[in-house]
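Peer 1: Structure, please.
(2 chains)
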There are 2 protein chains.
Amino acid sequence: MIKPTIAFVGIGRMGANMARRLKSQGFAVTAVHDARRESAEKLAVEIGATACDSLAAVTAAAQIIITVVTDDAAQVGLFAGTGDSLLLGARGRTFINCATLSPSTHLEVEKRAEKAGAHSLEACMASSINQALAGTLYLMCGGKKAVFDSVRDVLIPLSDEGKLLRYIGATGQAAQVKALVNMVMNINTAGLAEGLGLAAALGLDLKTVMEVFSQTGANSRVLATDGEDMVNRDHACFFSAAHAAKDSGIALKLAEEKGLDLLLAAATKAQYDKMIALGLGELDKSGIAELTFPGRSPK
Amino acid sequence: MIKPTIAFVGIGRMGANMARRLKSQGFAVTAVHDARRESAEKLAVEIGATACDSLAAVTAAAQIIITVVTDDAAQVGLFAGTGDSLLLGARGRTFINCATLSPSTHLEVEKRAEKAGAHSLEACMASSINQALAGTLYLMCGGKKAVFDSVRDVLIPLSDEGKLLRYIGATGQAAQVKALVNMVMNINTAGLAEGLGLAAALGLDLKTVMEVFSQTGANSRVLATDGEDMVNRDHACFFSAAHAAKDSGIALKLAEEKGLDLLLAAATKAQYDKMIALGLGELDKSGIAELTFPGRSPK
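Peer 2: Numbering: from 1, shown residues only, chains lettered A, B, ... in the order given. Just a heads-up that it's a prediction; the model follows:
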């Protein structure tokens, strides 16, 4: 089997590691593009790709283009109807879109891609930077089943040999599930920060408290990933507070459309919005503990 | 070693199963007492104990008296200074108090017990009915270390041969940790109910959503214990919504005393209070999903 050529648009922490992973698995990563030209050039040198200035050049360089951008506006901007665009010369290409976006954005991108004779798939990632490099991303895909099947060979080496690869359903549904995952994760994170913050205020031994949490109904994935970081104020960024606010916001918008009033999701978004307002938006999501531990909050 | 004699005050779901467990491990459970006289008589027949009408008779009947009552007022009521009281003839007795109470209540009970020449230990349980019967309770103890050591042989067969037995610190500290556990557990439960409720509103496959949650940052202990029950509306009571409201309330009071403003804990308590107001307080805590799934809320 001849492996398809791959290009990447958006080579932040996630995109760059995914490119490295596919390169290490024998794929030709032919082109990379990023709004930060220097980042693109650096990665291009590292993995033997071309750093493209234009989006059209990216499309010309590969059969499959993986996009990992920050938000809805950036994603839609890649698929512009006029000027530079990934859609130029896109016939037969497949776009795999990995950012956490509004479901409606995935539908819009699919529509535009199909109009240009190309294919589109959403592949939402529920994992972080280390998993991208190791090829152990939890990947939830939405789109036409035939498109999913056609790029399965590219997704498998990114998702623990396919063990963490899921076809969720129609375009937009994977983004919905991803928004739910992050909404619940953010709530659990905000709740953990309250629990540990109160424990600190009471003068309890936080190691004991975390051990008890881990053995009881208070246990959660975020306790394992973020508990110690909250205590140690180690907020090096894996998943930023700003991203947390954005993703909770996507979920809240879906809830609003359905007439649901989600109190905890709203309270959680308010906390992450407060972090942004305080200039803490680029801390890791664990940084929410800066708002709940006594004596920490910058007010 | 001669095993000490044991009595139980408060034989609801937890207390009755703890009594059965100790009986099965060769302890003489000599007396039981409950405000519901019939329950006491039924259990007394089952385990060969005496159903006592008066609290003083309970104290007379055993060396160690385990109390498992519902709230602060009930607990303090057992240790009254006048009239019928566990304190009558209590010299040399040890009281082990297992309810989830305000830390200050444990301090008050300890003070009164010591004045009567007795000992007191708090043993907060972070487990449920099945664990009580199986003797696999997670037990967090607060009080004088010497008192803890003196009743260790009674606590070990209740806590998976002591593997789940923890000495937390001074009187009141175990109750603080327990309040934190339940506060965080309740937040995670309320958040899960929002996530699954929104998933239902979006028409997603809830089995898939729960599988994705379990593999990602949304995972939690309550997903495993309450997720399916929320979907299936199976709210048979292990831990009631009313108890959840009470325990979150204890934690919020501690936070208030420390000047902390805990948004998620407050939103969670509001939801459980709403359940009580709607007449749903005796549903299991999973019943909070009745407030978040579309078309379920009784308004």
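Peer 1: gap between the two ends of stretch A:124-144?
Peer 2: 15 Å (C-alpha to C-alpha, to the nearest Å).
Peer 1: What mean pLDDT does it get?
Peer 2: What stretch A:124-144 shows for mean pLDDT is 93.
Peer 1: What residues sit buried inside it?
Peer 2: Of the residues in stretch A:124-144, those buried by neighbour count under the rule 16 or more other C-beta atoms under 10 Å in any protein chain shown are A:124-129, A:131-133, A:135-143. Every residue, glycine included, has its C-beta placed from N, CA and C.
Peer 1: now the helices for chain A?
Peer 2: For chain A, the helices defined by DSSP state H cover A:13-24, A:37-47, A:55-61, A:72-78, A:103-115, A:129-134, A:145-150, A:152-155, A:173-201, A:206-215, A:221-232, A:241-257, A:263-277.
Peer 1: Distance to residue A:283 for the ones you listed - can I get that in TSV?
Peer 2: Shown next, in TSV, are these (distance: least, C-beta to C-beta, whole Å):
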stretch	distance to residue A:283
helix A:13-24	14
helix A:37-47	21
helix A:55-61	32
helix A:72-78	22
helix A:103-115	26
helix A:129-134	15
helix A:145-150	35
helix A:152-155	31
helix A:173-201	12
helix A:206-215	19
helix A:221-232	10
helix A:241-257	5
helix A:263-277	7
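Peer 1: Now tabulate those helices in a markdown table and tack on distance to chain B.
Peer 2: Output for those, formatted as a markdown table (distance: least, C-beta to the nearest C-beta, whole Å):
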| stretch | distance to chain B |
| --- | --- |
| helix A:13-24 | 15 |
| helix A:37-47 | 26 |
| helix A:55-61 | 30 |
| helix A:72-78 | 18 |
| helix A:103-115 | 9 |
| helix A:129-134 | 11 |
| helix A:145-150 | 15 |
| helix A:152-155 | 16 |
| helix A:173-201 | 3 |
| helix A:206-215 | 6 |
| helix A:221-232 | 4 |
| helix A:241-257 | 5 |
| helix A:263-277 | 4 |
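Peer 1: any idea which of those helices is most buried?
Peer 2: Ranked by mean neighbour count, the helices of chain A are led by helix A:173-201 with a mean of 28 (mean count of other C-beta atoms under 10 Å in any protein chain shown).
Peer 1: Measure how far that helix is from the centre of its chain, please.
Peer 2: Put simply, helix A:173-201 sits 16 Å off its chain's centre (C-alpha atoms, centre = their mean, to the nearest Å).
Peer 1: Quick check: mean pLDDT of it?
Peer 2: For helix A:173-201, mean pLDDT rounds to 97.
Peer 1: Next, the contact list for the closest residue to residue A:220 other than its chain neighbours, please.
Peer 2: Leaving aside its chain neighbours, residue A:220 sits nearest to residue B:220 (3.8 Å; criterion: C-beta to C-beta, 6 or more residues apart in numbering or on different chains). Applying C-beta atoms under 8 Å, 6 or more residues apart in numbering or on different chains, we find residue B:220 in contact with A:188, A:219, A:220, A:221, B:188, B:192.
Peer 1: Using JSON lines, lay out these together with distance to residue B:288.
Peer 2: JSON lines is the format used below for the contacts of residue B:220 (distance: C-beta to C-beta, whole Å):
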{"residue": "A:188", "distance to residue B:288": "15"}
{"residue": "A:219", "distance to residue B:288": "18"}
{"residue": "A:220", "distance to residue B:288": "17"}
{"residue": "A:221", "distance to residue B:288": "20"}
{"residue": "B:188", "distance to residue B:288": "11"}
{"residue": "B:192", "distance to residue B:288": "9"}
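Peer 1: on that earlier part again, mind listing which of the buried residues of stretch A:124-144 are in strands?
Peer 2: When the buried residues of stretch A:124-144 are checked against strands (DSSP state E), the matches are A:124, A:125, A:139, A:140, A:141, A:142.
Peer 1: Can I get those in TSV including distance to residue A:57?
Peer 2: Shown next, in TSV, are those (distance: C-beta to C-beta, whole Å):
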residue	distance to residue A:57
A:124	27
A:125	26
A:139	27
A:140	30
A:141	27
A:142	28
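Peer 1: which one of the residues you listed is nearest chain B?
Peer 2: Of all these, chain B sits closest to residue A:140, with 6.3 Å by C-beta to the nearest C-beta.
Peer 1: so what's the closest one up against?
Peer 2: Residue A:140 neighbours (C-beta under 8 Å, 6+ apart): A:123, A:124, A:125, A:126, A:166, A:168, A:174, A:177, A:178, B:212.
Peer 1: is it true that the first one touches residue A:147?
Peer 2: Which is residue A:123. No. Using C-beta atoms under 8 Å, residue A:123 makes no contact with residue A:147, being 10.5 Å away.
Peer 1: Tell me the predicted confidence for the residue lying closest to residue A:194 once chain neighbours are set aside.
Peer 2: Computed as C-beta to C-beta, 6+ apart, the closest residue to residue A:194 that is not its neighbour in sequence is residue B:262, at 4.4 Å. At residue B:262, the model reports a pLDDT of 97.
Peer 1: Over to the one 3 residues further on?
Peer 2: In this prediction, residue B:265 carries a pLDDT score of 98.
Peer 1: How much space separates it from chain A?
Peer 2: Relative to chain A, residue B:265 is positioned 5 Å away (C-beta to the nearest C-beta, to the nearest Å).
Peer 1: Now for that residue: which residues touch it?
Peer 2: Applying C-beta under 8 Å, 6+ apart, we find residue B:265 in contact with A:191, A:194, B:183, B:186, B:187, B:248, B:251, B:252, B:255.
Peer 1: Give me the below-cutoff pLDDT ranges for the stretch 151-299 of chain A.
Peer 2: Along the stretch 151-299 of chain A, the model assigns pLDDT under 70 to residues A:298-299.
Peer 1: let's go with 80 and repeat that
Peer 2: Confidence mapping of the stretch 151-299 of chain A against pLDDT under 80 gives the ranges A:297-299.
Peer 1: surely residue A:57 meets residue A:31?
Peer 2: Yes. Here residue A:57 reaches residue A:31: they are 6.8 Å apart, a contact under C-beta under 8 Å.
Peer 1: Overlap of the contact sets of the two?
Peer 2: Common contact partners of residue A:57 and residue A:31 (C-beta under 8 Å, 6+ apart): residue A:50.
Peer 1: For residue B:117, state which of the contacts of residue B:220 is nearest.
Peer 2: residue A:219 (40.8 Å; C-beta to C-beta).
Peer 1: was I right about the closest one contacting residue A:213?
Peer 2: Yes. Residue A:219 lies in contact with residue A:213 (C-beta under 8 Å); the separation is 6.0 Å.
Peer 1: Who is the residue nearest to residue A:114 when sequence neighbours are not counted paired with across the strands?
Peer 2: Sequence neighbours aside, residue A:120 is the residue nearest to residue A:114 in space, at 7.1 Å (criterion: C-beta to C-beta, 6+ apart). For residue A:120, the beta-bridge partners are residue A:95 (DSSP bridges).
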